[in-house]
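Engineer: sequence? don't have it. structure:
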């Protein structure tokens, strides 16, 4: 149902762009938002309403990941300018709540994409992820960060 709502949203957006005769990014986004609002108003079926909660969460998730990548890049640049003795590398065992293969893959990509971290392995039973981290102050804090920041937000979208 969510896929059909997204396709309806895109179809209405294309109709908007064709009706206005202006093909720009701003007009496309504006048309997308207008059609999102129209679909929200006219949708009665509760199953189809899931689209209206997932899309804002997905946009929020993308903005969150962009901010985290920017912050991690700044920390990595800062750390690389100082003496190597300030680096505190470690391999950390992170327990997983995510169960699906796609969820584990997305989480591993999220962790690896932030500079200074690299997912080395996933256990055979898919319960643990091993992460190499360049800047470790506390292993517990790192595990809490992965669980509360990344995995929690990912589970909100996947469920």
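Structural biologist: Arrived safely, thanks for sending. All of these numbers come straight from a predicted model, not from anything done at the bench.

Engineer: in this structure, what spans have low per-residue confidence?
Structural biologist: 1-3, 46-48, 82-86 (pLDDT under 70).

Engineer: what residue lies at the spatial centre of it?
Structural biologist: Nearest to the mean C-alpha position of the chain, by CA atoms, centre = their mean, lies residue 61 at 4.3 Å.

Engineer: The longest helix that the chain contains - contacts with which helices or strands?
Structural biologist: Among the segments of the chain that qualify as a helix by DSSP state H, the longest is helix 50-81. Helices and strands touching helix 50-81, by 3 or more CB pairs under 8 Å, 6 or more residues apart in numbering; DSSP states H and E, are helix 2-20, helix 25-42, helix 101-113, helix 152-158. In short, each C-beta sits where N, CA and C put it, glycine included.

Engineer: Name the residues of it that come out as buried.
Structural biologist: 51, 54-55, 61, 65, 68, 72, 76, 79 (16 or more other CB atoms under 10 Å).

Engineer: And it, how far out from the chain middle?
Structural biologist: From the chain centre to the centre of helix 50-81 is a distance of 7 Å (CA atoms, centre = their mean, to the nearest Å).

Engineer: next one: stretch 87-100
Structural biologist: With CA atoms, centre = their mean, you get 17 Å for stretch 87-100.

Engineer: Please report the separation between the first and final residues of it.
Structural biologist: 34 Å (CA to CA, to the nearest Å).

Engineer: Name the surrounding residues that touch that stretch.
Structural biologist: Residues from elsewhere that reach stretch 87-100, judged by CB atoms under 8 Å, 6 or more residues apart in numbering: 79, 104, 107, 120, 122, 126-137, 139, 142-143, 146-147, 151, 154-155, 158.
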